[in-house]
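In: I'd like to go over a predicted model; first the sequence, then the structure.
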Amino acid sequence: MKTKFSLILLLFFALVSWSQQIEVSGVVTSASDGLPLPGVSVIVDGTSRGASTDLDGRYTISVLSGDKLTFSYIGFITQTITVTNQTTIDVALEDDVESLNEVVVIGYGTQKKEDVTGAISTVKSEEIAKTPNSNVMQSLQGKVAGVQITSNGSPGASPNIRVRGVNSYLAGNNPLFVVDGMFYDNIDFLDSSQIETISVLKDASSIAIFGQRGVNGVIIIETKNGRLEQKPVFTYNGFSGYQNAQNVVKMANAEQFVTMAYESGSQADIEYVENAIQRYGRSRINPNLPDVNTDWYKEVLRVAPMSSHSLGVTGGGKNTTYGVNASYFTQEGILDMKNEYERFNIQSNVEIELSDRIKVGTNAIFSNATQYNPENGAWFQAYFAVPILPVFDPLNTDATPIPFSDATQLGYRGSQNPFPVMTFNDNQLKIRKILASIFLEVDIVPDKLKFKTFYSHDYSTLSERNVRLPYFISENSQRERSSIRRAEVKFSNQIWDNTLTYSDNFGDHALTAIVGTSFRDEQFNTFSATGNDIQGIGLESSWYLNFADPTTFSNQVNEIGDRFYSFAVFGRVEYSFQNKYLINATLRHEGDGRFPKKLWETTPSVGLGWVISNESFFEDNNLFDFLKLRATWGRLANGSLGGSTGTRTVSQVVTDIGDVPTNGILTTNTFQNLRREILEEMNFGITSRLFDNRLNLEVDYYIRDTENLVLPREVPITAEVVNDNIGGMRNQGLEIAASWNQRINDDWSFSVGGNIATLKNEVTQIDSEQGYFDTGSAEFRQRLIVGEPVNAFFGWEVVGVYQNDDQVAADPTAQYELTENNNQLVPGDFIYKDQNNDGRIDADDRVVLGSYLPTFTYGGNLNVAFRNFDLSVAVSGQTGNSILNRKRGEVIFTNDTNVDADFAINRWHGEGTTNSYPSSEGRRKAWNQRMSSFFVEDGAYFRVQNVQLGYTIPSSNFKGKITPEIRLTLTAERPITIFDYNGFNPEVANGVDRQTYPVPAIYTFGVNIKI
C-alpha cells in the first residue's frame, strides 16, 4: 500500500511539473554589432539540460517556471536570466574584452588579439565545413591572403600549399602543421568536420618559436572538444555527391585532324588516314574520313561519386572534458579505372583536472586509408591519341584479353590508346597512421607559473602493391610478363616538449614569459622488392611476392633508412604596457645532427605593436574602434635539406691517349656539406576595426630574404653536380584582408569579405662563373637568373607568323637561316624577336617568358542569412603566372599525333588567317618547335570557389521530446572557372603541364544533425 501511495505521489508531482513546463525560444546576438551568435550554450542551471543556438543565433528549450537560463559563449560575458512566464527571451551578450583577446592560438600557447604583433589569419569551422574534399587544406583556397592553394583532383591527393611564395629551390616549400600541439608534414588523415579553427602563421616573428620546421609557415589546427559541465552533444555530419570534370580540353575531331594531315604535306600521315579508312570504313557523313571519330577525353573520363560520414560526441563533467569522433570518407576518381580513395578515422580528446593545479590530457587518432593511384600517363596518351582510332578494334583478333585498338596497326609509331595502361595496372597504397599525444600541466604558482610537458608520436606505415598484368594488343603494345612490386615504408616521429610559462599583471604592465626545450627523434625505413611471372595472376589473392618467380628478384630488392635527432632550447617574452605598447621577442637555439658543418643555429625575432586606439588623443576619432600598428623582424633556419651526404669513389678507366689505350684512375667526390638556409623577414602591418566594429581590416607588407640558398653546382674537371650554399632569393608582397558584418533586422543579416595579395619573387645571388643555372629539360628550358623569378621559363619570343613570301624575303633573320643554316622559312612559320638585333635568331635571343608563381592572388566571400535560410558564395583567383603547355610542345618528339582543337581551328592556313599559330606543315618543323612564348600561356583564372545553400531546422520541444537541430545543405564546389589557358584547369603546381590530373567540380547534398 505504501508503494502504491509513493507511486501516486510521484506521478502527481510529475504532472504538476509537466503543467509548469514552458517552451522558451529566442535569438542571441552580439551587443556590439547586433550579429547573431551561433553555438551559444544555453543551459538550465543545476541540470544537464541545455541547447545551443543555430547559425542565426536562434534557440529553443523547455524549462520550468523559476528556472535560471545561463547563456555562455567564448569571447562574451556570461548572462543568467530567471524564467517566469516568458516564452520568448532574446539576449544580447556583451563583449568580454579579455576573453575575446585570448582566442588567437600561437606557438606553445595563446595570445590576446590586441597583443598580436605578427601576421596571423584565422578561419572558423563553419567556413571549413563548406568544402567537400578529402583534404582539409583545400578549404582554405582563396580564404587567406598570401596563401596559395593548388588543388589536385586525384582521390586522396594533398594540395600544394605555399605561404608567401617559395623560400627554397631544392627543399620542400610546404608549411608545418600543428594539430592539437602535434607536428605533422601532412594532414591527409584529418576529418574536416572535427576542426574548430585553423590559424595561419605567416611571418618570421610568429613562426620563430617553432624553429627550422616552420620556415615555410605554420598552420595551427584546433579540433573540437567538450567543455566543463557540458552535457553530451551528439553530432552527425555527412554529405554525398558527385564529381564532374570541368573545362575539358577539346581535341581536334576526325575532320579537323584529317584536314591538317593533308595540309601538312606528310605522305606518311596521309597514308595512315587511308589505312584507317580501309580498316574501319568510310564515314557516311563525309566519305573522305574514316568511320571513326573518338573523343579520347570523353572516353577516359567519368562522373565519380564521393561521400563522407562523421559521428561524434563532445561533453564534460566537473573535472573532465572529452570529444570522440569516428568518420568515413570515400571518393572515386574521374579517371575511368581503378582509381579511388577510402579512409576511416577514429579520434579522441580527453582532458582531466586531477586537482586545482594538475591537469592531464591525451589525444589519439587512428587513420586507415586505402588509395588506388591513377595511371597519370593516361592523360598524356589521351591528349595525343588520334581521333581516327577507336577504343576497341574487333579486327584485332590477336589481342588478349581485350581487343583494344592500336595505332601502330595504322602505321603510327606509338600505340596511343590509353586504355591498356588503365586496365592492366593496379597500384594500391594502404596508409595507416597512429597519432598519439599526452600532456601533464602543473600550476606551480596558481595563475602565474605553469609547467607543461608534452609528448607526441606520429607512427605511419605505407604498404604499396603495384601489379602489372600481362596483355597483348600488338607487337608494339604488349606486356609479356606480369610483375609485382611490394614496398613497406615506416615513419616514426617523436617529439617531447617541456615548457615553463610565467604570466603576471602588475599595474600598467602585463608580462608573459615562456622557456622550453624540444627534442625530436625522426626515422624512416623503406623495404621494397619486385618479382615477375606471378602464378595465378587472375586472382587478387595471388598478388604477393611468394607467387612470383623467385629467380627474378635479383637486383630488385632494396632497403634504405635514416634516423636523425634535433634538440632546441627556446624562449619568448610578451610584454604590454597600458595595453598600448607591445613587445614580443623570441630566441631559439637549435641543434641538428645532419649539419656537422654548423651543428647549432640561433635564430632571434622581435615584434613591436602600438595600439593607437587606446591613446587618449584618439578616443573621439569617430572612425576607428580599434587601430594597431605592427612591425616584426626575424630569422629562421631551414633544415629540410640534409646537410652532410654523398660518396667518394675511385674507379679504373681505360682511355685513348694518342690512339693508345691507357689505363688510369678516376676519382669522384659527390660529398656535400651544407649549412642551413637562413630566412630573414621584415613585416609591417595594420590591424583595425571601423564603423562600430562592422569593418575589419588587416594590411601587411613583408620583405623575406633567403640566404645560403642551396643550388646545384658543377664540380670542376669531373663535371659532377653537388648541392652547395651558393645562392640567395627574395620574396616581397602586400596582403590586404577586409570583412564587413551587419545585421539588418531580426530576419536579415549579411557579411562580405575579401583578400588580395601580391608577390614578387626573384633570385638575388648565384655564385657561379656563368651567373645563372639551367633547370627543366634541354627542350623545355627553365633558368635561374639573378633578378628573375625562380625557375623562370626561358626561350624565344614569338612576335608573329610569316604571311607571304615577300615578308620572308624582307626579313634578315629568315635570310640568315637560309644562307647559313640552309633552312628555308615559308609563310606559316613563326617570326621570333631578334632581341640583340644582330640579324640572326640564336641562343642569345632567348629571354624570360614568365614564371609559374602568381604575382597577384585574391579571394572573396558573401554570406546572406534570412531566418532559417543561409546562402554563401566564395570566389578566388590569381594573375601574373604562366603555364608551360608541355603537352602541346611535345610534338617535338613525334609528329604523328593529334592536336588540340584550338590549334586546329586557329592554325595558319592562308595569308591573314592568324598571326599567332603556325601552319599544319609548320607545326612539324624544328624552327617552330623550339621553346618559345607560343608554348608558355597565361595562367590567370577567376573561379566561383564555393556556393552553398543551407536550411536549419532548430531544436524544439515536440510532445515533450526535444527534437535535434538539423541543417541541410546543397553545395557546389568549383562550379565555374574562367581562364584562357588551353588545358583542363590553370592549377598546375610547378607550372609545367604534361599529365596533370584535372580538378573536378563537386556537387553534394549534406546533412548535419546535433542532439
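Out: Happy to help now that I have it. Numbering: from 1, shown residues only.

In: now G165: phi and psi?
Out: In terms of degrees, to the nearest 10, the main-chain angles of G165 are phi 80, psi -160.

In: enumerate every residue touching the closest residue in space to it that isn't next to it in sequence.
Out: Counting by Cβ to Cβ, 6 or more residues apart in numbering, N731 is the residue found nearest to G165 once chain neighbours are left out, at 3.9 Å. (C-beta placed from N, C-alpha, C; glycine too.) Going by Cβ atoms under 8 Å, 6 or more residues apart in numbering, N731 touches R164, G165, V166, N167, Y702, I703, R704, L759, K760, N761.

In: equivalent analysis for K760, please.
Out: Contacts of K760 by Cβ under 8 Å, 6+ apart are R730, N731, Q732, G733, T855.

In: among these, who's most crowded?
Out: N731 (24 neighbours; other Cβ atoms under 10 Å).

In: gap between that residue and I77?
Out: 43 Å (Cβ to Cβ, to the nearest Å).

In: picking up where we left off before, got a PyMOL select line for the buried ones in the contacts of N731?
Out: Selecting just the buried residues from the contacts of N731 in PyMOL takes one command, with 16 or more other Cβ atoms under 10 Å as the test:
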select buried, resi 164+165+166+167+702+704+759+761
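
In: is it possible to get TSV of the contacts of N731 that adds secondary structure, pLDDT and distance to K318?
Out: Below are these laid out as TSV (DSSP: H, G, I helix; E, B strand; the rest coil; pLDDT from 0 to 100; distance: Cβ to Cβ, whole Å):
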residue	secondary structure	pLDDT	distance to K318
R164	coil	94	45
G165	coil	93	49
V166	coil	94	50
N167	coil	92	48
Y702	strand	97	47
I703	strand	97	52
R704	strand	96	48
L759	coil	97	51
K760	strand	97	56
N761	strand	97	54
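
In: among the contacts of N731, which one sits closest to N373?
Out: The nearest member of the contacts of N731 to N373, counting by Cβ to Cβ, is V166 at 26.0 Å.

In: what about the spatially closest residue to the closest one that is not a sequence neighbour, which helix or strand?
Out: Using Cβ to Cβ, 6+ apart and skipping residues adjacent in sequence, the residue nearest V166 is N173, 4.7 Å away. For N173, there is no host helix or strand (DSSP states H and E).

In: contacts only, for the residue nearest the centre of the chain.
Out: Central residue of the chain (Cα atoms, centre = their mean): P159, 2.7 Å from the mean position. By Cβ under 8 Å, 6+ apart, P159 lies in contact with N135, M137, Q138, Q141, I149, T150, S151, N152.

In: what about it, distance to S168?
Out: 19 Å.

In: phi, psi of the residue nearest to V166?
Out: phi -120, psi 10.

In: tell me which of the contacts of P159 fall in strands.
Out: Among the contacts of P159, the residues falling in strands (DSSP state E) are I149, T150.

In: tabulate the contacts of P159 in TSV, adding columns for pLDDT and neighbour count.
Out: Shown next, in TSV, are the contacts of P159 (pLDDT from 0 to 100; neighbours: other Cβ atoms under 10 Å):
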residue	pLDDT	neighbour count
N135	86	21
M137	89	27
Q138	89	23
Q141	92	26
I149	93	21
T150	92	20
S151	89	22
N152	88	19
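
In: make TSV from the contacts of P159 and add distance to I285 to it.
Out: Putting those into TSV (distance: Cβ to Cβ, whole Å) gives the following:
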residue	distance to I285
N135	46
M137	49
Q138	44
Q141	44
I149	46
T150	42
S151	40
N152	40
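
In: wasn't V105 part of a helix?
Out: No. Applying DSSP: H, G, I helix; E, B strand; the rest coil, one finds V105 to be strand, outside a helix.

In: what pairs with it across the strands?
Out: As for beta bridges, V105 partners with T110 under DSSP bridges.

In: just the strands in the stretch 551-700 of the chain please.
Out: 557-577, 581-592, 600-611, 624-638, 644-645, 648-657, 660-669, 672-673, 677-690, 695-714 (DSSP state E, counting those that start in this stretch).

In: can I get those strands in a markdown table including distance to K490?
Out: Shown next, in a markdown table, are the strands of the stretch 551-700 of the chain (distance: least, Cβ to Cβ, whole Å):
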| stretch | distance to K490 |
| --- | --- |
| strand 557-577 | 9 |
| strand 581-592 | 22 |
| strand 600-611 | 29 |
| strand 624-638 | 25 |
| strand 644-645 | 21 |
| strand 648-657 | 30 |
| strand 660-669 | 32 |
| strand 672-673 | 27 |
| strand 677-690 | 28 |
| strand 695-714 | 28 |
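
In: which stretch in these is the model least sure about?
Out: Here the lowest mean pLDDT among those goes to strand 648-657, at a mean of 50.

In: correct me, but A513 touches Y502?
Out: Yes. At 4.8 Å, A513 counts as touching Y502 under the criterion of Cβ atoms under 8 Å.

In: circling back to that earlier point, distance to M337 for the contacts of N731 - can I get that in JSON lines?
Out: Below are the contacts of N731 laid out as JSON lines (distance: Cβ to Cβ, whole Å):
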{"residue": "R164", "distance to M337": "38"}
{"residue": "G165", "distance to M337": "36"}
{"residue": "V166", "distance to M337": "33"}
{"residue": "N167", "distance to M337": "37"}
{"residue": "Y702", "distance to M337": "44"}
{"residue": "I703", "distance to M337": "47"}
{"residue": "R704", "distance to M337": "43"}
{"residue": "L759", "distance to M337": "37"}
{"residue": "K760", "distance to M337": "42"}
{"residue": "N761", "distance to M337": "38"}
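
In: now flag whichever of the contacts of N731 is closest to A304.
Out: Once Cβ to Cβ is applied, the member of those that ends up nearest A304 is V166, at 31.9 Å.

In: contacts only, for the closest one.
Out: Contacts of V166 (Cβ under 8 Å, 6+ apart): N173, M729, N731, N761, V790, L853.

In: closest to N325 among those?
Out: The closest of the contacts of V166, once distances to N325 are taken by Cβ to Cβ, is N173, at 31.2 Å.

In: near the closest one, how many other residues are there?
Out: 19.

In: from here on, call the first residue 18.
Out: Fine by me, first position is 18 from now on; the one you just mentioned is N190.

In: list the contacts for it?
Out: R179, V183, N184, N233.

In: quick check, nearest of those residues to F641?
Out: Looking across these and measuring by Cβ to Cβ, the closest to F641 is R179, at 32.8 Å.

In: roughly how far does that closest one sit from N233?
Out: Relative to N233, and taking Cβ to Cβ, R179 is found at 8 Å.

In: and P404, by the same measure?
Out: With Cβ to Cβ as the criterion, P404 and N233 are 44 Å apart.

In: for these two, indicate the residue with more neighbours.
Out: Relative neighbour count places N233 above the other of P404 and N233, with 25 against 22, counting by other Cβ under 10 Å.

In: got the contact list for the more buried one?
Out: Neighbours of N233 in contact, by Cβ under 8 Å, 6+ apart: R179, V180, N184, G189, N190, N191, P192, L193, N655.

In: now it: which helix or strand?
Out: Counting by DSSP H and E, N233 is found in no helix or strand.

In: repeat that for Y314.
Out: Going by DSSP H and E, Y314 is part of helix 313-317.

In: and the next element down the chain from that helix?
Out: strand 321-333.

In: dump the helix or strand following that following strand to CSV, keeping only the CA atoms.
Out: Next helix or strand after strand 321-333 toward the C-terminus (DSSP H and E): strand 337-349. Output of strand 337-349 as CSV, limited to C-alpha atoms (Å, rounded to 0.1, in the frame of the first residue of the first chain):
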residue,chain,number,x,y,z
THR,A,337,36.7,16.3,-17.3
THR,A,338,36.2,17.2,-21.0
TYR,A,339,36.1,14.8,-23.8
GLY,A,340,35.5,14.5,-27.6
VAL,A,341,35.2,11.3,-29.6
ASN,A,342,34.6,11.1,-33.3
ALA,A,343,34.5,8.4,-36.0
SER,A,344,34.5,9.3,-39.7
TYR,A,345,34.4,7.5,-43.0
PHE,A,346,35.2,9.1,-46.4
THR,A,347,35.2,7.6,-49.9
GLN,A,348,36.0,9.1,-53.2
GLU,A,349,36.3,7.7,-56.7
